[in-house]
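Peer 1: 3D model of this:
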Amino acid sequence: MKANKICLQIIEIVIAVILVLLFSMRTSPIYSLLMGNYTGNNAAAAMMIGKSWAQGAAVPYRDLFMVGGPFFFVIQAAGYLSGSRVGLFVMEIITVFIYLVFVRRALEQMTTKKKARIFTWISLIPYVALVSGGNSMNEYLLAIEAVLLWMIVRLRKTRNVKKSLAFVGGLLTGAAVMINITEASPVYMLMVALLICIGTYANQKGKAILCSIAGIAVPMILLVLVYAANGATEDMLQGWIIVPIKMLGADLSVLVILHKCVKCLLLLPLFVGGILLIKKKKKMGYAILVGTIIVGLNLLLLEIDGVHYLHIIIAVPLALALYDKYMDFGMAKKVCMALGVLITIAVSLVPIKNYMETLATGIPRAHSDFYADLKEFISNNDNPQYGMIDTDLSFFLMIDYMPKQKYFTDQTNLSAYLDEVSEEVERYKNHEEEINVLLITERGFKGQELDGFQLAEVYLKLGGSIFIYVY
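Peer 2: Numbers count the residues shown, from 1 in each chain. Below you'll find the predicted structure:
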């Protein structure tokens, strides 16, 4: 029995290694060989910030500003303590392993061990879509969701509430808040469910709930103190809470709403499972129904859209296990399970297609003349002074350069929420900053607030060089 358990965990480790190795574009050694340090997307900037922090060259938010949770930058810095992306690669494998183990263990309380493994592995289809970008906040959130789900199912079965378990549940929720406060709605719903279980089964309800609250507070207090010690408190609050909240619901175009609706289909099987439980007169059905509605509305109306933001995939194996446990064997059960699997595959097609396109364009882009020319320019200039307008986020890791500019990219979006960004760009226009190289992308030229054409014209007249990178 013990040998079988060890063998299963080895299999899960192997699955995690293979999945990250084959699909994580930002951390896998395979992609390092194919594309060098090219990573693309926001993770590249987060990795650059983490690398700079690990080397003691910069403090997140204070020196290099980016929207995101403070704990995510701690993860990035910890990953670079090894001196390369290998640390992040290992950490990503651990998150996949945690997801596999704890989702399986949760489902084993609801169905057979064999079916628990099958349902968990089916959810790897959208997990591939999630991890294909690699090193995203949502992967770490999903690992937290898996542990909380296991805690809830375990409590409902054993009805044995330990204060240590309540504290760890709170600790994980606090970490999720510090990773991404606006994307963690599934974690919040699971924590509410855990608190309900604690309040229902604990002998000392008040103390157990207080342990959970203390757990939530601990990582938040510790990280605030870390950033405060580095003089980054105000900037951290801007990047962690204020700007993300201002950005909620900023883009509600028809295309974005449709894309979000497609992703919400992952919640549909669980929604149906909640209705099934209500019909079976199970109170848990109401909790599942309310939870899926709240998470769905949060995703539709508030969360920032992203192709790889599939951190709600934990709903898939849970729904399949509910069908298996509570539905009578027959055609209806087969249809529900088949639809659940088909929806899972269908929703995963868009991000997997995006991954293939990124791979097709990323390899030639990583070896483009742009980076070669820029590296040559840097080698021929002792201390070039850069100005950056919406610079390609992969640029920094590609040439191993840490910007001296606090707001180093995405100024077009940030200027709508932070006056300081617009003021910084105005200083460029008024020649108050000594810059002889302006790094600007096609997106920067299209920026309405920043007027990239005028900036380019100014620096050409000053005799500066301009690199234009189209992406």
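Peer 1: from what I can see T27 touches L19, true?
Peer 2: No - counting by C-beta atoms under 8 Å, T27 stays clear of L19, with 11.8 Å between them. C-beta here means a position set from N, CA and C on the backbone, and glycine is covered the same way.
Peer 1: who has more neighbours, those two?
Peer 2: Taking neighbours as other C-beta atoms under 10 Å, T27 and L19 compare with T27 leading, 27 against 21.
Peer 1: so when I look at the more buried one, I'm seeing a strand, right?
Peer 2: No - according to DSSP: H, G, I helix; E, B strand; the rest coil, T27 belongs to no strand; its state is coil.
Peer 1: residues in contact with it?
Peer 2: Contacts for T27 (C-beta atoms under 8 Å, 6 or more residues apart in numbering) come out as V20, G79, R85, L88, F89, E92, G134, N135.
Peer 1: switch to 10 Å and redo it
Peer 2: With contact set as C-beta atoms under 10 Å, 6 or more residues apart in numbering, T27 has these partners: 20-21, 39, 43, 47, 79, 84-93, 131, 134-135.
Peer 1: which residues in the stretch 51-200 of the chain form helices?
Peer 2: Per DSSP state H, counting those that start in this stretch, the stretch 51-200 of the chain carries helices over the ranges 70-79, 86-107, 113-122, 124-131, 137-158, 163-179, 185-201.
Peer 1: Least confident of the ones you listed, on average?
Peer 2: Among the helices of the stretch 51-200 of the chain, helix 124-131 carries the lowest mean pLDDT, a mean of 82.
Peer 1: and it, what does it pack onto?
Peer 2: Contacts defined by 3 or more C-beta pairs under 10 Å, 6 or more residues apart in numbering; DSSP states H and E place helix 124-131 against helix 2-23, helix 86-107, helix 137-158, helix 315-326, helix 331-366.
Peer 1: My guess is F72 contacts A46. True?
Peer 2: Yes - assessed by C-beta atoms under 10 Å, F72 is found in contact with A46 at 6.4 Å.
Peer 1: got any residues that touch both of the two?
Peer 2: What both F72 and A46 touch, as defined by C-beta under 10 Å, 6+ apart, is the set P60, M66, N135, S136, M137.
Peer 1: contacting residues around the third one?
Peer 2: Pointing back at N135 there. N135 neighbours (C-beta under 10 Å, 6+ apart): 20, 24-28, 39, 41-44, 46-47, 50, 72, 75-76, 79, 85, 88-89, 91-92, 95.
Peer 1: and with 6 Å instead?
Peer 2: By C-beta atoms under 6 Å, 6 or more residues apart in numbering, N135 lies in contact with R26, T27, A43, L88.
Peer 1: give me phi/psi at the third one?
Peer 2: Read that as A43. For A43, the backbone dihedrals (degrees, to the nearest 10) come out as phi -60, psi -30.
Peer 1: same thing with the first one?
Peer 2: Here the main-chain torsion angles of R26 (degrees, to the nearest 10) amount to phi -90, psi -20.
Peer 1: How about it, nearest residue that isn't a chain neighbour?
Peer 2: Excluding its sequence neighbours, the residue lying closest to R26 (C-beta to C-beta, 6 or more residues apart in numbering) is G134, at 3.7 Å.
Peer 1: Find the nearest non-adjacent residue to M337, please.
Peer 2: Y323 (5.5 Å).
Peer 1: Just the element for M388, please.
Peer 2: M388 is located in strand 386-389, with elements delineated by DSSP states H and E.
Peer 1: Show the subsequent helix or strand relative to that strand.
Peer 2: As assigned by DSSP H and E, the chain's next helix or strand after strand 386-389 is helix 395-398.
Peer 1: Pull out the buried residues from stretch 215-224.
Peer 2: Residues G215, I216, P219, M220, L223, V224 are the ones in stretch 215-224 that count as buried (16 or more other C-beta atoms under 10 Å).
Peer 1: for the fifth one, what are its contacts?
Peer 2: Under the criterion of C-beta under 6 Å, 6+ apart, the neighbours of L223 are P70, M178.
Peer 1: and if you look at the fourth one?
Peer 2: Each residue near M220 by C-beta under 6 Å, 6+ apart is listed here: G174.
Peer 1: Can you check what angle separates the helix or strand harbouring it from helix 185-201?
Peer 2: Assessed by DSSP H and E, M220 sits inside helix 205-229. Here helix 205-229 points in a direction 150 degrees away from that of helix 185-201 (axes from the mean of the first three to the mean of the last three C-alpha atoms, to 10 degrees).
Peer 1: Any idea how far helix 205-229 is from the middle of the chain?
Peer 2: Computed by C-alpha atoms, centre = their mean, to the nearest Å, the chain-centroid distance of helix 205-229 equals 22 Å.
Peer 1: just how off-centre is stretch 229-245 within its chain?
Peer 2: On C-alpha atoms, centre = their mean, the centre of stretch 229-245 falls 18 Å from that of its chain.
Peer 1: buried stuff in that stretch?
Peer 2: By neighbour count on 16+ other C-beta under 10 Å, the buried set for stretch 229-245 is N230, A232, D235, M236, Q238, G239, W240, V243, P244.
Peer 1: for stretch 325-340, same thing?
Peer 2: For stretch 325-340, using 16+ other C-beta under 10 Å, the buried residues are K325, Y326, M327, C336, M337, G340.
Peer 1: how close does P317 sit to A228?
Peer 2: 40 Å (C-beta to C-beta, to the nearest Å).
Peer 1: brain fart, Y417
Peer 2: Noted for Y417: a distance of 23 Å to A228, by C-beta to C-beta.
Peer 1: hang on, K281 in a strand?
Peer 2: No - per three-state DSSP, K281 lies outside any strand segment and is coil.
Peer 1: low-scoring stretches of the stretch 351-471 of the chain, by residue?
Peer 2: 362, 364-375, 377-387, 389, 392, 428-471 (pLDDT under 70).
Peer 1: Name all residues that make contact with the closest residue to L141 other than its chain neighbours.
Peer 2: Excluding the flanking residues, the one nearest L141 by C-beta to C-beta, 6+ apart is H311, at 5.0 Å. Taking C-beta under 6 Å, 6+ apart as the contact definition, H311 lies against N138, L141, L142.
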